[in-house]
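Trainee: Attaching a predicted model along with its sequence, questions to come.
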Amino acid sequence: MMGHDAVYLNDAKDQDLVKDAIKEERVLLTSDVALYRYATARGVEAFLVKGRTEAERLASLANRFKLDLEVDTSQSRCPTCGSLLEVASKDQVRGKVPETTFNVFDEFWTCPSPQCGKVYWQGSHWENIGAVLEEARKIQNKTKRDGDR
């Protein structure tokens, strides 16, 4: 959602994650200490994500990689396949979203990938996402202030 090219795999074997990170020249993010050690021992750039909450984990990522904790819908990617989302008109999504959603919302985004084609909108989950990002920004700012002392 924040525009970063990422791949999420929660059921792959450690060896496959490391192999893919090397092949695709990706940073491996993990909260698994054993995977982190395995990856770094093989020369993969990896980051051990720490934090009890989603906000704490996001703040640690933002601090390490100098990321803005903002959603820019013009740069958002499909959470399923990673393609850059495109703005879609209501007419374009008619019949592709529940009728109630179609009637309530005016802004939609679609995944242009023919294999995916999912439709997105700022539904009820949007407030939760905003709250998590706000908390992560507070943690990030506190960490920066504490580091300046």
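Mentor: Received, thanks.

Trainee: Please enumerate the strands of the chain.
Mentor: 28-30, 46-48, 86-88, 108-110, 119-120 (DSSP state E).

Trainee: Now do the worst-scoring helix or strand of the chain on mean pLDDT: distance to the chain's middle.
Mentor: Across the helices and strands of the chain, mean confidence by mean pLDDT, DSSP states H and E is lowest for helix 125-148: a mean of 86. In terms of C-alpha atoms, centre = their mean, to the nearest Å, the gap separating the centre of helix 125-148 from the centre of its chain is 15 Å.

Trainee: again, but for stretch 69-79
Mentor: For stretch 69-79, the distance to the chain centre is 8 Å (C-alpha atoms, centre = their mean).

Trainee: circling back: if you compare the strands of the chain, which one is most tucked away?
Mentor: Mean neighbour count, computed with mean count of other C-beta atoms under 10 Å, is highest for strand 108-110 among the strands of the chain, reaching a mean of 21. All C-beta atoms are positioned from the backbone trio N, CA, C, and that covers glycine.

Trainee: packing partners for that strand?
Mentor: strand 86-88, helix 90-93, strand 119-120 (3 or more C-beta pairs under 8 Å, 6 or more residues apart in numbering; DSSP states H and E).

Trainee: any chance of those in a markdown table, with distance to residue 77 and mean pLDDT too?
Mentor: Compiled in a markdown table, those are given as follows (distance: least, C-beta to C-beta, whole Å; pLDDT from 0 to 100):
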| stretch | distance to residue 77 | mean pLDDT |
| --- | --- | --- |
| strand 86-88 | 11 | 97 |
| helix 90-93 | 18 | 96 |
| strand 119-120 | 10 | 96 |
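
Trainee: Now do the same contact list for the closest residue in space to residue 33 that isn't next to it in sequence.
Mentor: Excluding the flanking residues, the one nearest residue 33 by C-beta to C-beta, 6 or more residues apart in numbering is residue 48, at 6.7 Å. The contact partners of residue 48, by C-beta atoms under 8 Å, 6 or more residues apart in numbering, come to 30-31, 33, 36.

Trainee: So for residue 48, what's the pLDDT?
Mentor: Model confidence at residue 48, given as pLDDT, is 97.
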